[in-house]
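In: Dropping the sequence and predicted coords here.
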Amino acid sequence: TDSLYHLVMGVLEKEDVADEFLKKFKATGNIYLKKFNVRDAYFPLPMTVRRVDLDFDGDTLDLENFRMRVGRSAITLNGEVNNVRRYLLRGRTLNGNLNLESRRIDLNQLMRAYTVANERAEKNKQLSADANIEMLESDSAIDTDIESTAEVDSTTQASLIVIPKNMNLSFNADVDTVLVSNMKLIDFAGRVRVKDQALSIANLSTSTQVGKMAMHLSYLCKDIKSADAALALNMDSVQIGELVTTLPELNSVMPMLRSFKGSVACEASLTANLDSAMNVVLPSVNAGVWLKGDDLVLLDGETFTEIAKMLMFSKKTENVIDSVSVELLVKNNEIEIYPFMVSMDKYRLGVGGTQGLDESFNYHVALLKPVRLGLDVYGKDFDNIKFKLASVKFKDSNTKIGKGGVLIREEDFNLRSIFHKNVVKSILEKNKE
């Protein structure tokens, strides 16, 4: 196998020879291969091509069956790829329409392996092919470790994945299980497109440990320094506790979620920049979230007790919220919570305010029924909460409301809803033919 490796690599390295061959000859025929291993000097996971069955005619590849396993991920591809000669000779766009099926794709393992491969390549640019193979074999302990765990090693810094140029590929994806971060996506189905150095997934449907999810997302990356990401999702019913556990990032955006127990519907959208280590650049975050729930339990705590005391709630007041609908926007390092109504026992309250991504906050709580009282709740973080009686900032509980029971702003339109629609539209534009 080493001799074959040297032979193939030798031919591929001589670009002039390969170009001349493609210019002078029109290749037609078919290829059928079964079960062979692929070795790479840098990539640490074992790769096995289980089957290749394709026909080729000049510029077109008709892929009848391609099956490959990388670590714990396995894929099956079939479909057609066009413009192959022009792509190889002149850098023209490679077009393709393919079907992708898999029982499992472990993105955690693949992304960790990709990062390790990049680190090895950077350290060994001057080594020969022989030295690279020896290095690969000597690092078998690392490879075994990567294969034996589905979690990304916290000591391995993630890196951006650059999307190749001159590709226009579509995949109808159908995957039984996708592992990503601490989420397990079941029955993952959607349309994946690679175009203009962007990867987009439209009309994605999947089930997670917190509920069913419909999603659109995109990832644009042209170099290893930065990337742009966008996401829009809908969930009909999700337990708040499980949502916060699965997506701990929500704690920084909506820390008040920890005070509730019950099931809510969720609509969310986000755009953000990523740095070279795939970290979200917080000042770049723009996001909108809508949560709606009925019969939620407000967990007893010092904050609720103090608010109830200052607003003169009855001691017999039940901590069950009949219904709540919350919308918020994230922009300029600040979270704006649109005023919303809460019904609790015989009381009707309006709540709204702002919160910084540094955890500072400034909310106003207005008791509108049966009496009118106002309360400012503020502080540098939720461990240092201050309270102050204030005049009521909301007119009354019958103020004109918009989608989900949200108080309309003076402009008489809902910015959160408009932002969500624009994010969806942008992703669908990237994903269309």
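Out: Structure received. Residues are numbered from 1 along each chain as shown.

In: what bits of the stretch 201-350 of the chain have low per-residue confidence?
Out: In the predicted model of the stretch 201-350 of the chain, residues 248-256, 258, 299-304, 315-318 satisfy pLDDT under 70.

In: can you give me the strands for it?
Out: 211-220, 227-239, 260-261, 263-274, 286-298, 320-331, 334-344, 347-356 (DSSP state E, counting those that start in this stretch).

In: Can you lay out the ones you listed as TSV showing mean neighbour count and distance to residue 57?
Out: The way it works is simple: take the backbone N, C-alpha and C, and place the C-beta from them, glycine included. Formatted as TSV, those follow (neighbours: other Cβ atoms under 10 Å; distance: least, Cβ to Cβ, whole Å):
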stretch	mean neighbour count	distance to residue 57
strand 211-220	19	33
strand 227-239	18	37
strand 260-261	17	61
strand 263-274	20	41
strand 286-298	19	47
strand 320-331	19	52
strand 334-344	19	57
strand 347-356	19	60
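
In: can you put these in JSON lines and add distance to residue 80?
Out: Below are the strands of the stretch 201-350 of the chain laid out as JSON lines (distance: least, Cβ to Cβ, whole Å):
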{"stretch": "strand 211-220", "distance to residue 80": "24"}
{"stretch": "strand 227-239", "distance to residue 80": "29"}
{"stretch": "strand 260-261", "distance to residue 80": "51"}
{"stretch": "strand 263-274", "distance to residue 80": "33"}
{"stretch": "strand 286-298", "distance to residue 80": "38"}
{"stretch": "strand 320-331", "distance to residue 80": "42"}
{"stretch": "strand 334-344", "distance to residue 80": "47"}
{"stretch": "strand 347-356", "distance to residue 80": "51"}
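
In: Residue 420: which of these is closest?
Out: Closest to residue 420 of the strands of the stretch 201-350 of the chain, according to Cβ to Cβ: strand 263-274, at 4.3 Å.

In: What is that closest one packed up against?
Out: Strand 263-274 sits against strand 227-239, helix 240-246, strand 286-298, helix 415-431, with contacts defined as 3 or more Cβ pairs under 8 Å, 6 or more residues apart in numbering; DSSP states H and E.

In: If residue 334 is in a bridge, with which residues?
Out: On the basis of DSSP bridges, residue 334 is bridged to residue 331, residue 356.

In: go on, residue 52?
Out: residue 33, residue 66.

In: now do residue 233
Out: Beta-bridge partners, per DSSP bridges, of residue 233: residue 215, residue 268.

In: Please look at it and residue 212 and confirm they touch.
Out: No: counting by Cβ atoms under 8 Å, residue 233 stays clear of residue 212, with 10.7 Å between them.

In: Relative to residue 364, tell me which of the strands of the stretch 201-350 of the chain wins on proximity.
Out: Short answer: strand 347-356, nearest of those by Cβ to Cβ, at 5.5 Å.

In: That closest one to strand 320-331, inter-axis angle?
Out: The directions of strand 347-356 and strand 320-331 differ by 30 degrees, with axes from the mean of the first three to the mean of the last three Cα atoms, to 10 degrees as the criterion.
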